[in-house]
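K.L.:
predicted model and sequence below, questions to follow.
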Amino acid sequence: MPKLRITEIFYSLQGESASVGWPTVFVRLTGCPLRCGYCDTTYAFKGGEWREFDEILDQVASYGARHVTVTGGEPLAQADCPALLSALCDAGYEVSLETSGALDISGVDPRVSRVMDLKTPSSGELERNLYSNIDHLTVHDQVKFVIADEADYEWSKAQVEQWPLTGRCDVLFSPVAGTLPPTQLADWILRDRLAVRFQLQLHKLLWGNEPGR
């Protein structure tokens, strides 16, 4: 029976991406090879507990939700993550994957909506971006830039143009909470007429940075 190391499984509202606001079950896998400077889930780097697929699927089902998000840490750092994603799709859920963009996404079930970061300079992990992933993105997916300052914004804008990202999928621009005023990022997007989606983390507006919410 396949197993995954799990930090937490919880029920909340999706705070980001195209499915923002939907009641969603989150399956947070333990471990991440990156150390982004603005990471807000460092508690998922270590610990967790090994759980078999049946146990995970049973807990997900107990919430009665239609949407499931597999997140981390970096979920794809665990070899059996793609199998869990397919099992969730087979069970009839609307499934999304939140991934750093540093690991290969080509093996992920195409029924899964992949929300993939491109790490900005302020993350400290710029060199970990696996740009070959861009070729695998479809209209079903999303690319997210987490922006801390004007240098991040200009870099992100250049990436959107270099890789024609808005023609591939939705593009999300998010301010780093507590670092970049949201209105500043909104003003830059409008000034430059960018065809990207501005987003705030709804769950933080509602509950702050409380784990499991």
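P.N.:
Arrived safely. Numbering: from 1, shown residues only.
K.L.:
show me the contacts for the nearest residue to Glu94 once chain neighbours are set aside.
P.N.:
Take Glu94 and drop its neighbours on the chain: the residue closest to it by Cβ to Cβ, 6 or more residues apart in numbering is His67, 4.8 Å away. For the C-beta atoms, the positions are set from N, CA and C on the backbone; glycine is no exception. Counting by Cβ atoms under 8 Å, 6 or more residues apart in numbering, His67 makes contact with Gln14, Ser19, Trp22, Pro23, Thr24, Val25, Tyr93, Glu94, Val95, Ser96.
K.L.:
let me have these in CSV, adding distance to Pro75 as columns.
P.N.:
CSV is the format used below for these (distance: Cβ to Cβ, whole Å):
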residue, distance to Pro75
Gln14, 16
Ser19, 17
Trp22, 19
Pro23, 21
Thr24, 15
Val25, 14
Tyr93, 15
Glu94, 17
Val95, 11
Ser96, 11
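K.L.:
if any of those are buried, put those into a PyMOL selection.
P.N.:
The buried subset of the contacts of His67, as determined by 16 or more other Cβ atoms under 10 Å, is captured in PyMOL by this line:
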select buried, resi 14+19+24+25+93+94+95+96
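K.L.:
could you dump the contacts of His67 to a markdown table with secondary structure?
P.N.:
Output for those, formatted as a markdown table (DSSP: H, G, I helix; E, B strand; the rest coil):
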| residue | secondary structure |
| --- | --- |
| Gln14 | coil |
| Ser19 | coil |
| Trp22 | coil |
| Pro23 | strand |
| Thr24 | strand |
| Val25 | strand |
| Tyr93 | coil |
| Glu94 | strand |
| Val95 | strand |
| Ser96 | strand |
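K.L.:
now do the strands in the protein.
P.N.:
Taking DSSP state E, the strands of the chain run over residues 3-13, 23-29, 49-52, 67-71, 94-99, 113-117, 142-147, 170-175, 197-198.
K.L.:
can you add distance to Asp40 and give those back as TSV?
P.N.:
TSV is the format used below for those (distance: least, Cβ to Cβ, whole Å):
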stretch	distance to Asp40
strand 3-13	13
strand 23-29	12
strand 49-52	22
strand 67-71	11
strand 94-99	12
strand 113-117	13
strand 142-147	10
strand 170-175	11
strand 197-198	19
